[in-house]
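>>> here is my input, please return the structure:
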Amino acid sequence: MLRSVLALRQIPQRTFITGSPRLFKNRVPEKQKLFQEDNGLPVYLKGGVGDAILYRVTMGLTVVGTGYALYELFMASMPKK
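Model (predicted):
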């Protein structure tokens with residue numbers, strides 16, 4: 001039983017290797033250039049088409065949710081017949 005406990009203790013120690021080779025290229029400098037560029041766009045839209053779609057969907061859901069909340073408040077304030 002002691003061997004199995006010691007074996008389980010060593011498994012997490014073997015999975016973390018600090019000297020692994022880089023699997024991905026460092027793209028931070030490219031992103032810094034993109035986001036620091038003065039092109040008149042706000043930061044939340046500089047990421048491209050995906051950011052624009054996400055922004056519009058978020059704003060649409062916000063408007064619809066606010067409208068629905070106001071409708072429900074109006075309906076709750078009216079007396080039932």
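>>> hey, let's count contacts and neighbours off CA atoms from now on
Will do.
>>> tell me the mean pLDDT over stretch 71-79?
The pLDDT scores in stretch 71-79 average 95.
>>> what does the host helix or strand of Gln32 contact?
Gln32 is located in helix 28-36, with elements delineated by DSSP states H and E. Helix 28-36 is contacted by residues Val43, Lys46, Gly47 when judged by C-alpha atoms under 8 Å, 6 or more residues apart in numbering.
>>> distance of Met75 from Ala52?
35 Å (C-alpha to C-alpha, to the nearest Å).
>>> more neighbours: those two, which one.
Ala52 (14 against 11; other C-alpha atoms under 10 Å).
>>> so who does that one touch?
Residues near Ala52 by C-alpha under 8 Å, 6+ apart: Leu45.
>>> so which strand or helix has it?
Ala52 belongs to helix 49-77 when elements are defined using DSSP H and E.
>>> centre of the chain to that helix, how far?
Mean C-alpha position of helix 49-77 versus that of the full chain (C-alpha atoms, centre = their mean, to the nearest Å) differs by 19 Å.
>>> one more: stretch 24-39?
Mean C-alpha position of stretch 24-39 versus that of the full chain (C-alpha atoms, centre = their mean) differs by 18 Å.
>>> nearest residue to the middle of the chain?
With distances taken as C-alpha atoms, centre = their mean, Leu54 lies nearest the centre of the chain, 10.7 Å away.
>>> quick one: low-confidence parts of this protein?
Low-confidence segments of the chain (pLDDT under 70): 5-20.
>>> now with 90?
Within the chain, the segments meeting pLDDT under 90 span 1-24, 79-81.
>>> give me the neighbour count for Ile53.
Ile53: 12 surrounding residues under other C-alpha under 10 Å.
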